[in-house]
Structures are given as structure tokens and as C-alpha cells.
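>>> Provide a 3D model corresponding to the input given below.
(chains A and B)
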Amino acid sequence: MKRARTIAAKAASSHAVASDKPPARHRRAMLPPASAYFIEETHDRSERHVLSVIVDNEPGVLARVIGLFSGRGYNIDSLTVSETEHAKHQSRITIVTTGTPMVLSQIRNQLDRMVPVHAVIDLTAEGNPLERELALVKVTGRGNDRVEALRIADAFRAEVVGASTEHFIFQLTGRPDKIEQFVSIMAPLGLAEVCRTGIAALSRGPVGMDD
Amino acid sequence: MKTKAKATRKGASNGQKQAPQAGAASRHGTEMTGAEMVVQALADQGVENVFGYPGGAVLPIYDEIIQQDRVRHILVRHEQGAGHAAEGYARSTGKVGVALVTSGPGATNMVTPLADALMDSIPMVCITGQVPTHLIGNDAFQECDTVGITRPATKHNWLVRDVNDLSRILHEAFYVAKSGRPGPVLVDVPKDVQFAKGIYTGPDHVEHRSYRPRTKGDPQAIRAAIDLIAKAKRPVFYTGGGVVNSGPRAAALLRELVHRTGFPITSTLMGLGAYPAADPQWLGMLGMHGTWEANHAMHDCDLMVAIGARFDDRITGRVNAFSPDSTKIQIDIDPSSINKNVRVDLPIIGDVAEVLEDMLIVWKAEKPKIDQAALKAWWRQIEAWRAKDCLAYRANPDIIMPQYAIERLYAATRDEDVYITTEVGQHQMWAAQFFRFEEPNRWMTSGGLGTMGYGLPAAIGVQVAHPDSLVIDIAGDASVLMTMQEMSTAVQHGLPIKIFILNNQYMGMVRQWQQLLHGNRLSHSYMESLPDFVKLAEAYGCVGIRAQKPGELDDAIAEMIKVKKPVLFDCRVAALANCFPMIPSGKAHNEMLLPEEATDEAVANAIDARGKALV
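Here you go, the predicted model:
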């Protein structure tokens, strides 16, 4: 990509380097700018990336991270946070975001320069990360719908964690798209409410984030 | 895999470090109150001057301040003044500026200077009082969520809930403020923490857990940069405030590199002075009101070496027409400055001084051969652009042209030990165009945030740092009224600042934009009933001087310099003069407007509908 850009720039720069006359004003009209980034920008598509951010678990740290996203207009599709290293008082924040490659690299760099941030890893850039989510799904109903809901829950290996004669609460763990599918199937069967944890993610393979 | 460079612990040594005072460690481990700790920590950090304003929630600290003489306190008239004074102090010395204010309105009045310092990367520590911890969240008197409000306006901030954390946090605050890309930090200290007793930790015993910015550039990238420089045919150096922030060594190394290459150099508003304006390789400032030669060189170059500059929108003009044919090298200490607005081919992350030093080592070892023929042709082209004399203006025998006023001010002070601050607007751009700086840290202006009212309090901070120097705020009549109350501060502390007001009775830049973009409908940009600045000066107990004709200007300026008191100088200038050259919104560097071309019709056609939507 970069190679091609350099060549394109070279080709466009073949106009006279120096003349004693000042160049004609509004030369752009005659010679449209061969701006590589202009062309690239139109081709840049938004990508979905999963970021892991290791932070000091101090008051306000989550507000800082969220404030960065809202203040600079970045997207947050999912966010989970919990202290993962109790001895070091460090939390791990998993953020799912979408943006162009330029925006994604800005997000990484902007996060990394925050004072309580220890490390930022773009799990998607490192390879296909393992992503899991947990959902609690309440389905209310009687008769056939109720039987059907239970049958589908069984097929999805959802666990019944709460029930009465008029409702079930299912617990489902898995990839986000699986949960999405489960919820949409439950919709006509008396879906009452859904709670999702957001995505937890790790890189595949034996290497940890600190290695 | 780790993205933080753990190996480099040099962050603290970039810029001019404030050496902890000798014998400071002796109080390490001593029990004292939180208020004592604040003063002790300031003294141990080498802080000589604090700008502040007392109030209920900081009274314990003020009680300590009056009982000691290691740290001097400058009482301002409004908290915003304390913040800008700390900024001026920091910018003119390279040290960390310190401000001390109370909770609630004290803290909210500090938001503007914090945001200003964040945009311009000014190292600053602000200490705020807070209501006692048990009242936090209760809507107590003069309570506000200070850390919440200032979070996006600071590099980092802390609320101290335990007195035993206080000294560590204060030392960390200084470390964070001056390390890496400098910036403002805030420490919020509840009143009960100021009274509580705890064990003091000295500065040598504090090391930050996670914040270790990388200052050393990648050697491979540096080598690649030298190769690109050696091959360049139409190169230009584009430098910014990062060179000034990196310290005098960076400015010296920049001069050496630029001289060795023989390349032209331009700078942003924030970078003025890092390279001497008298040098023949200097093209003047670039950007929206930059010179014809600087902007054309940027547009037509084949190699751009950006040093401590961040490609902001006042510099680039239309981004997709910005310097289309160039390979771009960017040296910056902040990785988030890379590829933010403009895609860069070769980024070098590091402190400007350290990277330039390494570049010069490689340069001297490899002795690269520059294409002298191409460079000569490039300079011929640049001289042709220079011949445009883009800053020329029509002199007037009866009315003082604002450009003329700055030229005369510069002529009268060029041999003095002079520091210049500005407010924001036309006068700021004319000062940048017509005042010439030979050294860094001599030019204090609000670049990123564009804060009207910055210059007067900033001048106070500069004068505190340099009591025997000539400190001039080049001001506009609208801006200067925003922080005029600080004249009282200048008088109280015997600070002979000179406020040189280019008085055109308009918000000149607002009016210029209304003329360009809004059909000449001058909506609320005319200042009716301005005060009589000479009488105002007398009311404050300082000296007022007025100049109305070009003929009386030189004598009036000489008088201003001679007076050993604060001066308000009312320089009545042409009311409708506008600031050129100008890149109209949404246009490229080679589509500048020059003054003689800026007829009403040209101006009307210059900016299309899309450009009008841009700021």
C-alpha cells in the first residue's frame, strides 16, 4: 500500500521543480492534486477491532477511558471491565470498537498515552481472538411457546437458571453472534428482557499479554 | 508485545528538569500535615513561584504559605489569571508553572488555562482545594466535581483521599507534567486531608508505575530519515512548539542540522524562535496567515521533515490537497500525533533533542552528499516566491497601520532582552508575522485553544520569571478586556509589564471572518463604549500612553520602554485593516489570498459553501 503511494506521488511530481517565475496561481485547476491520502481515505473501510487495555484500578480510570471515546467521537460497541490482577490493582478493559485503520491507530495511541494505562493490545490486529459473552434471557409465556422456548434453549445449550410456571430465565454463553441468534429466535416466543455482559476476549495461543 | 517502552526511563530528564533542592531529602519520612506537605513538596520540586487565589477550601495551605519564604506566592485577581500566569512562567523558563486555587468556582475558573495548556503542551501543576472528604458528593458549599470537570482538560488529575498519598501524588504530578509531551495536571486536595497528619515522602523516593514515555528515537528510522534527507530535491523543515518544549538544546541542534543541510525551514505559530528569524534559510511562519514562500514551499516540496509539529488544521488547510507530492518524516514524542490528520511516511517517536542529536551523529558519520544542483534550483524557486513580498502593506501617513505598529515596536526593542506574549486575534497574527524572534522561549501565545485574555496574565508570569527583562503583551482591545483585572496584580507585585494594545475598536478577526464569510454583516464585532485605556491605567495605578498618529509612535514606544511601571499603551490603529496573506477555509496552501488581491469580489469567490462550514 505504502509502496504504491510513493510511486503515485513520484509520478505526480514530474512538473517543473524550479522556475524564476512564480508558479501560476490556482495551479490546482490545471493539475489536480495527486494526493495519495485523499485517494486512500475514500477506500478506507470501517473495521471492527477488539482492544485489551490494562489499567491501574484507580478511581475514575473507567471515566477517563470512556471520556476519551466520547470526547474524540470514537465508537464503543461493547465494553467490559474488571480487576484481573488483585496484587497489582490492575484491571483489564475489553473494548470492541469500529473505525478506519487511521482512527483505530489513533485510538490505540490515545489510550496508550493515558497516564494510568499500562498496555494496549489490539487483539484483532494480532490474529483472530477468542471472544465470549454471557447473556441472561427472560422468556415469559405458557403453552406451546413455552415448550418451544425450552427446546430451542436446549439446542443452544442454554442453562435454565430461573423459572416459574410462567417464565424461564436462560443463561447462555458463547460468541456474540450465537447470542444474537438466540435472542432473535426467542423474540416471538415471549422474550421479556435480555442482559448481556459484553465481550471478554483473549488472544489465542500460549502467549499472555505480559509476555 | 508491550506497547510501553519499559527500558527507557529517561522521560524525566527531557526538557529542563527542575533539580530538587539540595538537602530536600532531609524531611523525607517526617510527620507533617497535608498543608505542610504541599509547601514542602513545592519547595522540594524547586518551585520558586506559585500563582494563586485563596478561598475556604485551601485556607490551611495558605496558612502554611505565609509562614515560610521558600515559595513565593503571587496573588492574582481571578483564577484564570493564575493559570495563564503559570503558563507564561512555564513557557518562558521551561520549568513547571504552578497555580493554587480553591474549590468550586476557583477550580472552574481554572478550566480555561488547563485546556489552553493541554492544547499547547505547557507543563503546569494546578493544586485545588476541595470540600472535606465526608462532604464530597453532598452538594456542599463551593463543591464541584473538580476531577470530573478537568479530566478532559488535563494530562492527568488526582483526587487525594488519604494524606499518606499526598506527597507521592504531588511528586508524580510534577513528573507527569514535565515528562514526555508536557501538559497540565491537577491535584485536588480535600480540606480534611490538608489538616490531617501523615508521613512525607521526598521526591527521590517516587517513581511512576506506568507512565514512562519513550524519548529515544528508533535508530533504524533515524538512519532512514538521513537517507531521505540526502536524496531530497525540494526539501523543507516544518517545525513546531515541540522544539521549544524539548528545551534550548533542541533549538541548538535544530540550527546545526538545518545549517548542515542547507534546507529551507518554516515553523508553526508555537515554534517561533526555535530557529532564528534573521537566518537566510528561514521562510517565516506557515499556515493560514503564514508567508507566501513558506506555504508554497510546503505545498511543492518533495520531502517534509516535521519536527515537534502536529499538522493541525490551521497549518494544513484542505487536508487532501496538503503537500501532495512529498514524503513526510515526523519527529514527535507523542505517538498519537502521528497519522492523526495527515499520513506520515516515516514517523520517529522520541524527544526532539535526543532524535536530532542522533540524526547529527549519523549525519557526521555518513557525510551524505546532498543534490546541490536540485537544492539550488529549489532555492531559486523559493526566492521567486519571496519576491512576492507577501507581508507588504500600504503605509498611511495619518493613520497607524497595525503592521507598522508592530514593526516599530520590534525596531525599538530588538536590542533589548525582550519577551512577547499575545492575546488572540488579528494582532496575534501580525505579531507573529512582523515581530522577529531569534531565540526560543521568547514568544508566549495561545495557539491551540486560542484563548482571548491569555496574554496579559501570561506576561505577569513571564515578568515574575524574568524580573529585569522587558515583557510586552501585544494585545487587541477586545482580548485585553477579558483579563484586564490582572493589571492590579502587576501593580501589587511591582511587575512592569507593557500592554501594547492595537486598538481598532473591533474584534478584528471576527470582523474579518464576517467580511469574508457572512456578507459583511458585522454582527456584534464592534466594541462600543470601550474604556479610555489611559484613564484605566491611571485607575490601576500604572501608566497610560496613547499614540494616534504614525509620527508620534516611536517616541511613545520609547517612553513605554523607559517607564519602570506597568503600562497600558493605547495604540490607535486603522480600524478596518485585515490580516493577510490568508488561506481561505477549505483551500490549499497554494491558493492563498494576498492583500492587494483581496478585493470584495475575490474574497466573495474565495470561499465556497463547503469552506464556509469550516472553522
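>>> strands along chain A, start to end?
A:47-56, A:78-85, A:90-99, A:117-122, A:130-140, A:159-163, A:167-174, A:191-196, A:200-202 (DSSP state E).
>>> then the stretch 301-450 of chain B?
All strands of the stretch 301-450 of chain B, identified by DSSP state E, counting those that start in this stretch, fall at B:303-307, B:327-332, B:346-349, B:418-422, B:443-444.
>>> tell me which of those lies nearest to chain A.
Closest to chain A of the strands of the stretch 301-450 of chain B, according to C-beta to the nearest C-beta: strand B:327-332, at 7.0 Å. Yep, even glycine has a C-beta here, placed from its N, CA and C like the rest.
>>> put together TSV for the strands of chain A, with distance to chain B on each row.
What follows is the strands of chain A, written out as TSV (distance: least, C-beta to the nearest C-beta, whole Å):
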stretch	distance to chain B
strand A:47-56	6
strand A:78-85	12
strand A:90-99	9
strand A:117-122	5
strand A:130-140	17
strand A:159-163	35
strand A:167-174	28
strand A:191-196	28
strand A:200-202	13
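>>> for those strands, give me CSV that also has mean pLDDT and mean neighbour count.
Putting the strands of chain A into CSV (pLDDT from 0 to 100; neighbours: other C-beta atoms under 10 Å in any protein chain shown) gives the following:
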stretch, mean pLDDT, mean neighbour count
strand A:47-56, 96, 20
strand A:78-85, 96, 15
strand A:90-99, 97, 21
strand A:117-122, 95, 21
strand A:130-140, 97, 19
strand A:159-163, 97, 12
strand A:167-174, 97, 19
strand A:191-196, 97, 14
strand A:200-202, 96, 18
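>>> looking at those, which is nearest to residue B:293?
strand A:90-99 (37.8 Å; C-beta to C-beta).
>>> would you mind pulling up the elements that the closest one packs against?
strand A:47-56, helix A:61-71, strand A:78-85, helix A:101-112 (3 or more C-beta pairs under 8 Å, 6 or more residues apart in numbering or on different chains; DSSP states H and E).
>>> adjacent strands (with direction) for the third one?
Going back to what we said before, that points to strand A:78-85. Its sheet considered, strand A:78-85 pairs with strand A:90-99 (antiparallel) by DSSP bridges.
>>> just the angle between the strand it pairs with and strand A:130-140, please?
90 degrees (axes from the mean of the first three to the mean of the last three C-alpha atoms, to 10 degrees).
>>> ok, back up a step: show me the one of the strands of chain A that comes nearest residue B:313.
strand A:90-99 (19.8 Å).
>>> hmm, back to that, okay if I get the strands of chain A as a markdown table plus distance to residue B:122?
As requested, the strands of chain A are arranged in a markdown table below (distance: least, C-beta to C-beta, whole Å):
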| stretch | distance to residue B:122 |
| --- | --- |
| strand A:47-56 | 25 |
| strand A:78-85 | 32 |
| strand A:90-99 | 30 |
| strand A:117-122 | 22 |
| strand A:130-140 | 42 |
| strand A:159-163 | 55 |
| strand A:167-174 | 50 |
| strand A:191-196 | 44 |
| strand A:200-202 | 39 |
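>>> how many neighbours does the residue in the stretch 151-300 of chain B positioned nearest to chain A have?
Minimum separation of the stretch 151-300 of chain B from chain A (C-beta to the nearest C-beta) falls at residue B:156, amounting to 4.0 Å. The local packing of residue B:156 (other C-beta atoms under 10 Å in any protein chain shown) involves 20 other residues.
>>> need the contact list for the closest residue to it other than its chain neighbours.
Nearest residue to residue B:156 in three dimensions, chain neighbours excluded: residue A:115, at 4.0 Å (C-beta to C-beta, 6 or more residues apart in numbering or on different chains). Counting by C-beta atoms under 8 Å, 6 or more residues apart in numbering or on different chains, residue A:115 touches B:155-156, B:176, B:208, B:210-211.
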